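*Asks:* Make a model of this:
(4 chains)
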Protein chains: 2
Amino acid sequence: MIAASASRRATLSDVAHEAGVSMSTASVVFSGKTKVSDATRERVLAAASTLGYTGPDPMAASLRRGRTGIVAVVLEGQLRAAFLDPVTIPMMDGLTEGIAPLGAGLLLLRDEPGDDDVSALTTAPVDAAVLIGCSDRFRASLDIVRGRGLPVVVIEGDAGEGIPQITLDNREAAAEIARHVHGLGHTDVTVVALPPGSDRQRGLITPDRLARATVEVTVDRLIGVRDVYPDAPAFGAKASSIDEGVIAGRELLTDPANRSTAILAQSDLLAVGVIRAAEELGLRVPEDVSVAGFDGIRVDGIGEHALTTMVQPAVEKGRAAGEQVVRMLRGEPPESLHLTCHFRRGTTTGIPVR
Amino acid sequence: MIAASASRRATLSDVAHEAGVSMSTASVVFSGKTKVSDATRERVLAAASTLGYTGPDPMAASLRRGRTGIVAVVLEGQLRAAFLDPVTIPMMDGLTEGIAPLGAGLLLLRDEPGDDDVSALTTAPVDAAVLIGCSDRFRASLDIVRGRGLPVVVIEGDAGEGIPQITLDNREAAAEIARHVHGLGHTDVTVVALPPGSDRQRGLITPDRLARATVEVTVDRLIGVRDVYPDAPAFGAKASSIDEGVIAGRELLTDPANRSTAILAQSDLLAVGVIRAAEELGLRVPEDVSVAGFDGIRVDGIGEHALTTMVQPAVEKGRAAGEQVVRMLRGEPPESLHLTCHFRRGTTTGIPVR
DNA sequence: TTGTAAGCGTTATCAT
DNA sequence: ATGATAACGCTTACAA
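*Replies:* Okay, the predicted model is just below:
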């Protein structure tokens, strides 16, 4: 028994001494990597509990093994902002499932300007990183992670050469929903778009602005609609929220002479806002105006309506990313995945009555 | 130049060699802990970039320093479940701000049954942990963390002796909102409660069931109301959601002969559901029935109503927890904080008309 | 089944 | 301002 035990936390070495075995034996009792006689194990465990030793120090173990059991998730800006997107949470759940074989946890990292010049991403003890989306600092984060030689998976973004990415068929899906309203007979359609870039300006998306757009999702979903309606105008929202949808809806629906019979929103939240604006203006949905969304989350607040939308496989997206992380960590070649959204018909789209 | 450079990642030692300085000097160039001549720094940085060295290995640094820069947040069950509570996200944002001085990240850990016998909490390389609420496994998690000797802060839960906790004045706040409806003249009030225990049973909360209740928030908020209305019945929901609120609302409001003039819901989500149920039944809010919530989140889906509610300081809750973590890590004595909710009058409560 | 010993890549201390 | 050196606490070949 060593006098120091009061001041210092017990280490494996202390436990081994106390139990009268070697460190390796003690180690193995905790890791289970090798057979140990029951008698020995008992003795080690007893020694451990005597000394208040609760298991190997994770930092030391990490260093030795070269693994921390932590996967970084890089989100943009405030958590609130990232989680404002209702698909984030199911996606993270999927991610959790995907990396479950690693027994790893998720480290939430903010991808923020200003902090120090060293991002937390530089110094965080992680085994791999998952980058989400298309922030402006996306590139910077990617460089840091690559520089560290960490496996990276990108969700809904393009990291180029050899970096696995999980993508959605945004363009195809948008075209599908456009074809749906087209099939109903709509000829005059307007898009309510997600923010096309970081400028966060609300308003019509001019060709010029579109050319400068940096957010791929926005562009792809818009192009998809224009595959069907080449001249469909698009109104860019400031964010994906019900409130922004209301604003866009008022803007687009107030003038009876100059209003589309169908509004295709690029997110369900926006769509709900548009519906609310329509009802506020005394328009019936879908009789006077059809409204469709995108994402397929369950949205409250539209009364008896069921939103027509494209359902994106949010959980799968996360899980797929997690699975690729696992593969890379195992040294297997990762693969990019392109996931497919599916159409869900609700009650908010119908034949134009006008 | 060393031949191994292709196979092995460069280490600080390699960089030092390449730059012709000692390891300590090289180390200091990256940590900035000591003055280094510009010339030397240049040389080290040059060597680093030659070798593709991007900075000290976080695991090694962690081991040496005894700090990982990671704080664990222990959530119950699926992320989805935890984030279903709308106050979770602002709280986490507050937490992020609170631990900002540490430059630390948040590790999301699920507090799950079954996994292995070793929770991820046992092996995660973290500096401290924040436990949230009142899950059943709360105790187990707490024991693990304490066993590891990690600083712990508990949000909305009681960890006993010497563990700082961040609590809300739930009872007082519930009493306050009860006094509000009391002041309006209501004499017949029913509570729609959060789940009182893990049994997740929907229905009236009998004294017997209340005695077995494990969820403190539920109990405190109920007691608060009963401080004003000693005989107020309580209907326990299965979860905090709009849907559950609708179910409870239907249950409580359908029979005209037997319905309270005011419903006090223990969460805003439940309140919104109750309002929806009321409107579904042709009741006007607040003329026929007053409804109040709790939490003070912004809820969509109640049309022109503004919910009367108690606003809880969600961000502050998180930040306070973060600040206590920081204090403990600095060796300062932590303190428990009791935060105060404030009343927000909306349009959903009024004088009973009956 | 158990023991020996060599690192893992840093950082902190102390001296120069 | 820079350098030598000793930890930090563990895991894992390899040997016995």
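*Asks:* How about the secondary structure of A:T25?
*Replies:* helix (DSSP: H, G, I helix; E, B strand; the rest coil).
*Asks:* Chain A: strands as residue ranges?
*Replies:* A:70-76, A:105-111, A:128-132, A:152-155, A:165-168, A:189-193, A:203-204, A:234-236, A:262-265, A:290-292, A:309-311, A:337-339, A:342-344 (DSSP state E).
*Asks:* Is chain B within reach of the first one?
*Replies:* Yes. Looking at strand A:70-76 against chain B by Cβ under 8 Å from any Cβ of the partner chain, the contacts come from A:I70, A:A72. Using the backbone N, CA and C atoms, a C-beta is placed for each residue, glycine as well.
*Asks:* What mean pLDDT does that strand get?
*Replies:* Strand A:70-76 shows an average pLDDT of 91 in the prediction.
*Asks:* what about it, distance to the chain center?
*Replies:* 10 Å (Cα atoms, centre = their mean, to the nearest Å).
*Asks:* What is that strand packed up against?
*Replies:* For strand A:70-76, the elements it packs on are helix A:88-98, strand A:105-111, strand A:128-132, judged by 3 or more Cβ pairs under 8 Å, 6 or more residues apart in numbering or on different chains; DSSP states H and E.
*Asks:* okay, the longest one in CSV with CA atoms only?
*Replies:* Taking Å, rounded to 0.1, in the frame of the first residue of the first chain, the C-alpha atoms of helix A:88-98 are listed here in CSV:
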residue,chain,number,x,y,z
THR,A,88,-30.8,17.9,-38.1
ILE,A,89,-32.0,15.9,-35.1
PRO,A,90,-33.1,12.8,-36.9
MET,A,91,-29.9,13.0,-38.9
MET,A,92,-27.8,13.1,-35.8
ASP,A,93,-29.7,10.2,-34.4
GLY,A,94,-28.9,8.3,-37.5
LEU,A,95,-25.3,9.3,-37.2
THR,A,96,-25.3,8.0,-33.6
GLU,A,97,-26.5,4.7,-34.8
GLY,A,98,-24.1,4.6,-37.7
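*Asks:* Quick check: buried residues in the helix or strand of chain A with the lowest mean pLDDT?
*Replies:* Scoring the helices and strands of chain A by mean pLDDT, DSSP states H and E places helix A:79-84 at the bottom, with a mean of 79. Neighbour counts over helix A:79-84 (16 or more other Cβ atoms under 10 Å in any protein chain shown) mark A:L79, A:A82, A:F83 as buried.
*Asks:* can you redo the helices and strands packed on strand A:70-76 as TSV with distance to B:R137, mean pLDDT and mean neighbour count?
*Replies:* Below are the helices and strands packed on strand A:70-76 laid out as TSV (distance: least, Cβ to Cβ, whole Å; pLDDT from 0 to 100; neighbours: other Cβ atoms under 10 Å in any protein chain shown):
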stretch	distance to B:R137	mean pLDDT	mean neighbour count
helix A:88-98	17	92	24
strand A:105-111	16	88	24
strand A:128-132	27	93	27
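*Asks:* would you turn the ones you listed into CSV with distance to B:V126?
*Replies:* Below are these laid out as CSV (distance: least, Cβ to Cβ, whole Å):
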stretch, distance to B:V126
helix A:88-98, 17
strand A:105-111, 9
strand A:128-132, 18
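*Asks:* Mind checking the ones you listed for the one nearest to DNA strand D?
*Replies:* Ranking those by proximity to DNA strand D (Cβ to the nearest atom of the strand) places strand A:105-111 first, at 17.0 Å.
*Asks:* do that closest one and chain B meet at all?
*Replies:* Yes. Counting by Cβ under 8 Å from any Cβ, chain B is contacted by strand A:105-111 at A:G105, A:L106, A:L107, A:L108, A:L109, A:R110.
*Asks:* closest to B:R41 among these?
*Replies:* For these, the closest approach to B:R41 (Cβ to Cβ) belongs to A:L109, at 27.7 Å.
*Asks:* Contacts only, for that closest one.
*Replies:* The contact partners of A:L109, by Cβ atoms under 8 Å, 6 or more residues apart in numbering or on different chains, come to A:A72, A:V73, A:V74, A:L75, A:S119, A:A120, A:L121, A:A124, B:G105.
*Asks:* Tell me the spacing between it and B:P101.
*Replies:* Distance, A:L109 to B:P101, by Cβ to Cβ, to the nearest Å: 17 Å.
*Asks:* right, so the strands of chain A: which one is the most enclosed?
*Replies:* strand A:262-265 (a mean of 32; mean count of other Cβ atoms under 10 Å in any protein chain shown).
*Asks:* For chain A, which residues are neighbours of DNA strand D?
*Replies:* A:8-9, A:11-13, A:23-24, A:27-28, A:30-31, A:33, A:56-57, A:60-61, A:63-65 (Cβ under 7 Å from any atom of the strand).
*Asks:* Report the buried members of these.
*Replies:* A:T11, A:L12, A:S27, A:V28, A:F30, A:P56, A:D57, A:A61, A:L63.
*Asks:* so where do the helices sit in the stretch 101-250 of chain A?
*Replies:* Applying DSSP state H, counting those that start in this stretch to the stretch 101-250 of chain A gives helices spanning A:120-123, A:138-147, A:170-184, A:207-212, A:216-228, A:242-253.
*Asks:* A:E18 reaches A:T50, doesn't it?
*Replies:* Yes. Counting by Cβ atoms under 8 Å, A:E18 touches A:T50, with 6.3 Å between them.
*Asks:* okay, those two: which has more neighbours?
*Replies:* The neighbour comparison of A:E18 against A:T50 (other Cβ atoms under 10 Å in any protein chain shown) goes to A:E18, with 21 against 15.
*Asks:* Skipping its backbone neighbours, what lies nearest the residue nearest to the spatial centre of chain A in space?
*Replies:* Closest residue to the average C-alpha location of chain A: A:T88 at 4.6 Å, with Cα atoms, centre = their mean. Spatial nearest neighbour of A:T88, chain neighbours left out: A:A82 (5.7 Å); criterion: Cβ to Cβ, 6 or more residues apart in numbering or on different chains.
*Asks:* how near is A:L329 to DNA strand C?
*Replies:* To DNA strand C, A:L329 is 16 Å away according to Cβ to the nearest atom of the strand, to the nearest Å.
*Asks:* can I see the domain layout of chain A?
*Replies:* Under automatic domain parsing, the residue ranges defining each domain of chain A are A:12-56, A:65-167+A:314-341, A:170-312.
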